[in-house]
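Undergrad: pasting the structure only:
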RNA sequence: CGCGGGGUAGAGCAGCCUGGUAGCUCGUUUGGCUCAUAACCAAAAGGUCGUUGGUUCAAAUCCAACCCCCGCAACCA
């Protein structure tokens, strides 16, 4: 059995679960389930990113202990992940003691590529952050949020010498040794890589307390991304455990907004540690609401919980995996969601199961016990291997629709009326086997429904008392 | 001249690399069927393929110019 490791981006705990997180989980989960289905041993990471000034600030605003705050948030996210049916095997919180300890080990191992330097720039005491020169000019030297003049400030930071890895990394990206999907993101990253300066990877403790302390320097705390990115290997036990069976990851799923960290800083860290680069970085797009970015100020945020509660988790996964473009930004609207549910899940698949089960039950059809329906078609596998999940799904769906057509053409009810028992039995058995075959391919996408379908046609066939995908 | 993607039926998209009757899904209309969740199956209507010009016997497809939208460049999942 081949070992495969799949990762999700760990959400930052300064907000609640939203539809973008769900997207990330759905994609990674389908991938993980597919790999398991095709005979691999799969480890699948999920987790929460809990350090950084924004989180500390948020806790402050609410007047609670930071640890209490993140404990609650992490719980919320865990519940959400469970609700999505994410089949993860390993979970990491960046405040886990073992994670913090391992991150410090990682820092030590990277020491050759880290140096201390002064940074001088414009700083807003209101925002508590440095701003770029460009921003300074655009705002005429005054922070638009706080109406305060920017101050010239100097601080010491540790830097990761990105230049040590640029050449190697560029080649790895160009040759697809580390494949970046989709291709247009790869181009963006290559361009960005050229321009990337060394990366500041720590903050003075006076400015940021809520983070992992830099080893042997009590005045500095690690920048949250160093800590966060490390989770992918600390959760496997690095450095004290040998992770070579699992690492490099078969695929790492990230949102397009954080691709840069995963495609530049993260591989630089890995190279510094002497570890191989992930095989694939899958960068997915944003989910829009009616063509617009979801934002609290516009008030068009779609709550994933609400969507799941409407028609169940499989319907949610179905929509996000088939009708939301994996790589480009694309649109969620309730109308599209309802249409997909009613026309496709209920009418095509749900109804197909219902009519076949009824036909079988009325005519006393049973399947042989050893009927093997575990095969995946080659085309399906090819598409899944390329992370073209929606296309693979389309392919399987054609089979589902084809079955509806075949029932109409073969008219088993007429065979029953004419007493053509043998023909009828053969006709229905073939149809059911083909349905179950397709059902296997559906299982990574629709785990719950798939299980139900398998159960319906096992042993004594009975049509389900409540439809698979009830309409309202 | 920053880099990149795109503009094809009411909507969402494929086709473009390797020119040759413009295709898919949803929606609309009509017909068929009755095993089924008013579900299923079939057929039809609907497009000057962003604009202009060029190459060619032939251009959605190749070339040029222009118009428009979007992504990245800037710690938004």
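TA: Good, I have the coordinates. It should be emphasised that the depicted structure is a prediction, and the values quoted were computed from it without experimental measurement.

Undergrad: could you find the closest non-adjacent residue to residue A:424?
TA: Nearest residue to residue A:424, sequence neighbours excluded (CB to CB, 6 or more residues apart in numbering): residue A:415, at 4.1 Å. C-beta here means a position set from N, CA and C on the backbone, and glycine is covered the same way.

Undergrad: and the one you found, how far is that from RNA strand B?
TA: 10 Å (CB to the nearest atom of the strand, to the nearest Å).

Undergrad: got the contact list for the helix or strand that residue falls within?
TA: Using DSSP states H and E, residue A:415 falls within helix A:412-417. If you take CB atoms under 8 Å, 6 or more residues apart in numbering as the criterion, helix A:412-417 is touched by A:359, A:362-363, A:423-424, A:427-428, A:431.

Undergrad: ok, how many other residues are close to the residue nearest to residue A:424?
TA: 20 (other CB atoms under 10 Å).

Undergrad: same check on residue A:455?
TA: Neighbours around residue A:455, by other CB under 10 Å: 11.

Undergrad: up against RNA strand B, what does the stretch 251-400 of chain A have?
TA: Counting by CB under 7 Å from any atom of the strand, the stretch 251-400 of chain A comes close to RNA strand B at A:254-258, A:260, A:286-288, A:293-294, A:325, A:328-331, A:339, A:343-344, A:346-351, A:353-355, A:358-359, A:362.

Undergrad: let's see which of these end up in helices.
TA: Here DSSP state H is the test, and these give A:260, A:339, A:351, A:353-355, A:358-359, A:362 as lying in helices.

Undergrad: for ChimeraX, what selects the buried ones among the residues you listed?
TA: Typed into ChimeraX, the line below selects the buried ones among those, using 16 or more other CB atoms under 10 Å:
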select /A:260,351,353,354,355,359
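
Undergrad: tabulate the ones in helices among the residues of the stretch 251-400 of chain A next to RNA strand B in TSV, adding columns for pLDDT.
TA: Shown next, in TSV, are these (pLDDT from 0 to 100):
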residue	pLDDT
A:260	89
A:339	88
A:351	94
A:353	95
A:354	95
A:355	94
A:358	94
A:359	94
A:362	89
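
Undergrad: ok and the residue in the stretch 301-450 of chain A nearest RNA strand B?
TA: RNA strand B sits closest to residue A:350 of the stretch 301-450 of chain A, with a gap of 1.6 Å, by CB to the nearest atom of the strand.

Undergrad: looking at it, that residue is touching residue A:464, isn't it?
TA: No. At 9.2 Å, residue A:350 does not count as touching residue A:464 under the criterion of CB atoms under 8 Å.

Undergrad: these two: which is more packed in?
TA: Using other CB under 10 Å, the more surrounded residue of residue A:350 and residue A:464 is residue A:350, with 21 against 16.

Undergrad: okay, now the domains of chain A?
TA: A:3-285, A:333-456 (automatic domain parsing).

Undergrad: hmm, residue A:89 is touching residue A:41, no?
TA: No. Using CB under 8 Å, residue A:89 makes no contact with residue A:41, being 10.0 Å away.

Undergrad: quick one on the thing from earlier: any idea which of the contacts of helix A:412-417 is closest to residue A:236?
TA: Using CB to CB, residue A:431 comes nearest to residue A:236 of the contacts of helix A:412-417, at 45.1 Å.

Undergrad: residues touching whichever strand or helix holds the closest one, excluding its own?
TA: Using DSSP H and E, residue A:431 sits within helix A:421-442. With contact meaning CB under 8 Å, 6+ apart, helix A:421-442 is reached by A:37, A:349, A:352-353, A:356, A:359-360, A:363, A:365, A:367, A:371, A:373-377, A:380, A:392-393, A:395-396, A:399-400, A:403, A:406-407, A:410, A:412, A:415-416, A:449-450, A:453-454, A:457, A:461.

Undergrad: narrow those residues to those in helices?
TA: A:37, A:352-353, A:356, A:359-360, A:380, A:392-393, A:395-396, A:399-400, A:403, A:406-407, A:410, A:412, A:415-416, A:449-450, A:453-454.

Undergrad: just the buried members of the residues you listed?
TA: A:37, A:352-353, A:356, A:359-360, A:380, A:392-393, A:395-396, A:399-400, A:403, A:407, A:410, A:412, A:415-416, A:449-450, A:453.

Undergrad: just the strands in the stretch 251-400 of chain A please.
TA: Along the stretch 251-400 of chain A, the segments classed as strands by DSSP state E, counting those that start in this stretch run A:251-255, A:280-284, A:287-289, A:292-293, A:330-332.

Undergrad: sec struct for residue A:154, please.
TA: Secondary structure assignment for residue A:154 (DSSP: H, G, I helix; E, B strand; the rest coil): strand.

Undergrad: count of neighbours near it?
TA: Residue A:154 has 9 nearby residues by other CB under 10 Å.

Undergrad: in terms of contact, does it touch residue A:120 like I think?
TA: Yes. Counting by CB under 8 Å, residue A:154 touches residue A:120, with 4.5 Å between them.

Undergrad: list the contacts of residue A:325.
TA: For residue A:325, the contact set (CB under 8 Å, 6+ apart) comprises A:285, A:390.

Undergrad: quick one: pLDDT of it?
TA: We have a pLDDT of 82 for residue A:325.

Undergrad: so residue A:307 versus residue A:401, what's the distance?
TA: Applying CB to CB, to the nearest Å, the value for residue A:307 to residue A:401 is 25 Å.

Undergrad: these two: who's more crowded?
TA: residue A:307 (20 against 13).

Undergrad: excluding its backbone neighbours, what's nearest that one?
TA: residue A:316 (5.4 Å).

Undergrad: which residues touch the one you found?
TA: By CB under 8 Å, 6+ apart, residue A:316 lies in contact with A:22, A:26, A:84, A:304, A:307-308.

Undergrad: hang on, the earlier thing: for the residue of the stretch 301-450 of chain A closest to RNA strand B, give me its contacts.
TA: A:467-470.

Undergrad: any idea of the mean pLDDT for stretch A:462-472?
TA: On average, stretch A:462-472 scores 88.

Undergrad: buried ones in that stretch?
TA: Applying 16+ other CB under 10 Å to stretch A:462-472 flags A:463-464, A:468-469 as buried.

Undergrad: now the terminal residues of it, how far apart.
TA: 23 Å (CA to CA, to the nearest Å).

Undergrad: that stretch vs RNA strand B: in contact?
TA: Yes. Residues of stretch A:462-472 contacting RNA strand B under CB under 7 Å from any atom of the strand: A:467-471.

Undergrad: chain center to that stretch: distance?
TA: On the basis of CA atoms, centre = their mean, to the nearest Å, stretch A:462-472 sits 30 Å off its chain's mean C-alpha point.

Undergrad: got a list of contacts for it?
TA: By CB under 8 Å, 6+ apart, stretch A:462-472 touches A:311, A:315, A:341-342, A:345-346, A:349-351, A:353-354, A:357-358, A:361, A:449, A:452-453, A:456.
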